[in-house]
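> next come a sequence and a model predicted from it.
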There are 2 protein chains.
Amino acid sequence: MNIIHKMILVAGLSIAAFGACANDGDWRTIAPNNLLLIQTPYGEVVVELNPEFAPHHAQRIRDLAKAHFYDGLSFYRVIDGFVAQGGREEGDVPEWPELKNENDRPLEGLDFVPTGSPDLYAPEAGHVGGFAVAANPDAGRAWLMHCVGSMAMARDTDPDTGDTEFYIVIGPGTRYLDRNLTIFGRVIAGMEYVQRLNRGKRAIGNGVIPEKDKRDPIVAIRLAADLPEVEQPRFEVMRDDGQAFADYKKSKKVRDAAFFYRRPPEVIEACNVQAPVRRLIENDNAP
Amino acid sequence: MNIIHKMILVAGLSIAAFGACANDGDWRTIAPNNLLLIQTPYGEVVVELNPEFAPHHAQRIRDLAKAHFYDGLSFYRVIDGFVAQGGREEGDVPEWPELKNENDRPLEGLDFVPTGSPDLYAPEAGHVGGFAVAANPDAGRAWLMHCVGSMAMARDTDPDTGDTEFYIVIGPGTRYLDRNLTIFGRVIAGMEYVQRLNRGKRAIGNGVIPEKDKRDPIVAIRLAADLPEVEQPRFEVMRDDGQAFADYKKSKKVRDAAFFYRRPPEVIEACNVQAPVRRLIENDNAP
C-alpha cells in the first residue's frame, strides 16, 4: 500500500498548481500602502487592507501602524474557533477618535464576481478584489464577509464606536457578524501564527486572558509602505475576474478525481475560495 | 468609553451561560470507552468517539490506543485551514488490516434532531448525540459532517483502505469530503492545541513537513477506559433532544441583543452549534 498516495489524495488539488499555470497577467501586486505586517512571537502575519470597502478604517490602521501604537500591546482576548482580539484593552493609552462604521457600501462601482453558488446569509455571494463579498442586489448593497482570516474593528453597542481594538477571525461560524462590524482586511499569509496565539476561555471573562503574562504580545505592526523600499515584501493576489480564478473556483467546485468515489455537491463558499496569494522572492544574484 | 463592554458584546452569549441554566438531566456522560485522550506537546486533546456511525473505526482507534501504536509518532502533515494528519507516515511499523468505509449509515434508528436551517451540501442538517449530521431522508441515509474538530481516517483511492492514519479538521470548507471519508469522532476539548501544531506547506509535498524534527510528536494516545478509574476524566455533553439544546440553538439563531443593530439572518449551521461539552472536576474535600 502506498502511504504517500494516501496522503496526497486527501488534499485534492493544491493552490500552487494553479499559480504555476496562471499567467503573470492573472495576478495583481498589492500596494505597499495596503500591506500590513503584524509581528507575533511565532512569525509574521500579513494582511491586505481593503480601502474599497473600509477607507477610513484602513487609514486608521495605517495611522496606528505609523504611530507604533500596537507595539508591545497584546492579543488579550482570544477565543478558540471565534476571534483573536488585540490592542490595548484598558484605557492607559490615549484614545483615538471613534470611527463611523463602514459595514457595507453600494454594490455599484464594484467588480463583483458571483460564485454562482447559493449562500446561507445573503442573496448573493462572490468576490471583489479576491475578498469574499456578499451582496443584496435589490438593496444595491455589498459587504465583506466574516471568514477565517478577516480582520475587523471591535466596537461598543453603538455601531460607530470602533477606534483601535481589532480582531482577526480564527474559526467558522461568524457570518452573523456581517454588516454589524467593519471588516477592513484579510490575512493573506501567516494565519498559522494567529492560530498559535494563547487562548482565553469564553466562560471566564468572555475570552479575556486574565494573566497578563499569558497574553501573547503584538511585537509590532507596520505598514509595508513605511519600511525602506528594499525591506518591503511583495505579495501578489490572483485577479478574480480572469480565467485563472475561474479555473481555481471550478477545481474547488467540481471534484472529479477518482478519490471522490461519491461526487460531492457542486458548491463553493466564497469564504473558502478567496483568491490565492503568492509572495515574490527576488533573486538578485544576476550579474 | 467602556472598553470591557466593547469586548463582551462582540462575543454574544457564552456557552457557560447555558450550562448554568440547564438541569443535570440535560447532560449525558461520555462513556470512558468513547473518550480518547491525545497528548500533544501543547496540551491534551479530548475526542469523543462515535460508534453509532463508525463502530469499526471507533474500535480500531481503541485497539491502536491500547497497543500504544501512536506514541512517539507525529503530526506529519498539517495544512493550515484544512487538516492535521497523524500517524506513522511511512511503513516502518507493521500495518493493520484495512477497514471497510463507514462513510454513512441508515437514517433509521437515529435520534436525528434537524436544525431547521437549510444546508448547502445535504437535504437536511441536524444533530445526533450532539454531533453535526447531514441526512438525505429520501435515500434514508445519514452521515457525520466534516466540521472543525472532526476526526477521520485517511485512505487511498479505494474507499475501503483506511487503517491507522487519522486527520483532524482544523479549518472550514471541508464538507466536500463528506461521505467520502469516515469520520469517527469529534474534538470536545483542547482544539486550541491542535491549532498550535506546526504546519507544512500545501505547495511543497502537499503539507507533509519535510524536516522530521519540525513535526510535532504525538506524545501518546490513550482511551480513558484503559486508565485507572481515578485517572479517568469525566466529560458530559448536552443532550440534543431537550429544551437546553433547543435554547442554545435559538441563542445562536436569533441574535436580538442591542449590539446587533442589524439583525442577522436566522440561520444556524450544524457544524457551528454542536452540543456544548463540560468537564466535571470532582471536589472530594467532603468529610
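On my side now, so go ahead. These numbers come from a predicted model, not from an experiment.

> from here on, just use CA atoms for contacts and neighbour counts.
Fine.

> for residue A:99, phi and psi?
Note on residue A:99: backbone dihedrals following degrees, to the nearest 10 are phi -100, psi 150.

> mind pulling up the pLDDT for it?
Model confidence at residue A:99, given as pLDDT, is 97.

> so what's it bridging to?
Per DSSP bridges, the residues bridged to residue A:99 are residue A:162.

> hang on, it packs against residue A:156?
No. Contact between residue A:99 and residue A:156 fails when scored by C-alpha atoms under 8 Å: they sit 11.5 Å apart.

> joint contacts of these two?
residue A:162 (C-alpha atoms under 8 Å, 6 or more residues apart in numbering or on different chains).

> how many residues are close by residue A:225?
By the criterion of other C-alpha atoms under 10 Å in any protein chain shown, residue A:225 has 18 neighbours.

> before we move on, what SS does it have?
At residue A:225 the chain is in helix, as set by DSSP: H, G, I helix; E, B strand; the rest coil.

> show me the contacts for it.
Shown in contact with residue A:225 (C-alpha under 8 Å, 6+ apart): A:32-33, A:35, A:232.

> so which of those residues belong to helices?
Taking DSSP state H, every one of these sits outside helices.

> out of those residues, which are buried?
Neighbour counting by 16 or more other C-alpha atoms under 10 Å in any protein chain shown classes A:32, A:35 among those as buried.

> export the contacts of residue A:225 to CSV and append columns for distance to chain B and pLDDT.
Listed next are these as CSV, based on distance: C-alpha to the nearest C-alpha, whole Å; pLDDT from 0 to 100:
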residue, distance to chain B, pLDDT
A:32, 25, 98
A:33, 27, 98
A:35, 21, 98
A:232, 23, 97
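
> pull the most distant pair out of the contacts of residue A:225.
Across the contacts of residue A:225, the longest distance by C-alpha to C-alpha is 10.4 Å; it joins A:33 and A:232.

> give the residues shared as contacts by those two.
Common neighbours of residue A:33 and residue A:232 (C-alpha under 8 Å, 6+ apart) are A:224-225.

> these two touch, right, residue A:42 and residue A:193?
Yes. Using C-alpha under 8 Å, residue A:42 is in contact with residue A:193, at 5.6 Å.

> can you tell me the element residue A:279 falls in?
strand A:277-280 (DSSP states H and E).

> mind checking the SS state of residue A:56?
Classification of residue A:56 by three-state DSSP places it in helix.

> actually residue A:133, sorry about that
Once three-state DSSP is applied, residue A:133 turns out strand.

> for it, which non-adjacent residue is spatially closest?
Closest residue in space to residue A:133, ignoring its immediate chain neighbours: residue A:144 at 4.5 Å, by C-alpha to C-alpha, 6 or more residues apart in numbering or on different chains.

> can you read off the pLDDT for that neighbour?
For residue A:144, pLDDT reads 98.

> count the neighbours of it for me.
32.

> close to chain B: what parts of the stretch 151-287 of chain A are there?
Proximity of the stretch 151-287 of chain A to chain B (C-alpha under 8 Å from any C-alpha of the partner chain) is limited to residues A:154-159, A:171-173, A:176-180, A:191-192, A:195-197, A:199, A:202-203, A:206, A:258-262, A:264-265, A:267, A:269, A:272.

> go through the residues you listed and flag which are in helices.
Assignment to helices by DSSP H places the following of these there: A:191-192, A:195.

> so residue A:142 sits against residue A:106, correct?
Yes. Contact criterion C-alpha under 8 Å: residue A:142 and residue A:106 qualify, at 6.0 Å.

> now do the SS call for the residue positioned nearest the centre of chain A.
Here the mean C-alpha position of chain A is nearest to the C-alpha of residue A:186 (C-alpha atoms, centre = their mean), at a distance of 1.9 Å. Under three-state DSSP, residue A:186 falls in the strand class.

> what's near enough to touch it?
A:47-49, A:131, A:149-151.

> which of those has the most neighbours?
In those, the most neighbours by other C-alpha under 10 Å go to residue A:49, 28 neighbours.

> quick check: pLDDT value at it.
99.

> look up how far residue A:275 lies from the residue lying closest to it once chain neighbours are set aside.
The shortest distance from residue A:49 to any non-neighbouring residue, by C-alpha to C-alpha, 6+ apart, is to residue A:185 (4.2 Å). Going from residue A:185 to residue A:275 by C-alpha to C-alpha, to the nearest Å gives 13 Å.

> all helices for the stretch 1-150 of chain A, in order.
For the stretch 1-150 of chain A, the helices defined by DSSP state H, counting those that start in this stretch occupy A:3-11, A:15-21, A:55-66.

> pick out the shakiest of those helices, pLDDT-wise.
Per-stretch mean pLDDT for these is lowest at helix A:3-11 (a mean of 36).

> thinking again about what came up before, the strand holding residue A:279 pairs with which strands, parallel or anti?
With DSSP bridges as the test, strand A:277-280 is paired with strand A:234-238 (antiparallel).

> gap between the partner strand and the chain center?
On the basis of C-alpha atoms, centre = their mean, to the nearest Å, strand A:234-238 sits 14 Å off its chain's mean C-alpha point.

> so after that strand, what's the next helix or strand?
helix A:243-253.

> now that following helix: mean pLDDT?
In the prediction, helix A:243-253 has an average pLDDT of 97.

> for it, buried residues please.
The neighbour-count check on helix A:243-253 (16+ other C-alpha under 10 Å) flags A:244-245, A:248-249, A:251-253 as buried.

> tell me what that helix is packed against?
Counting contacts by 3 or more C-alpha pairs under 8 Å, 6 or more residues apart in numbering or on different chains; DSSP states H and E, helix A:243-253 packs against helix A:15-21.

> quote the end-to-end distance of stretch A:180-199.
Start-to-end span of stretch A:180-199 (C-alpha to C-alpha) is 24 Å.

> what do you get for stretch A:82-101?
21 Å.

> which residues are contacting it?
A:56-57, A:70, A:73-78, A:159-174, A:181-182, A:194, A:197, A:218, B:3-4.

> next, the buried residues of it.
The neighbour-count check on stretch A:82-101 (16+ other C-alpha under 10 Å) flags A:82-89, A:99, A:101 as buried.

> what of stretch A:151-162?
A:151-157, A:159-162.
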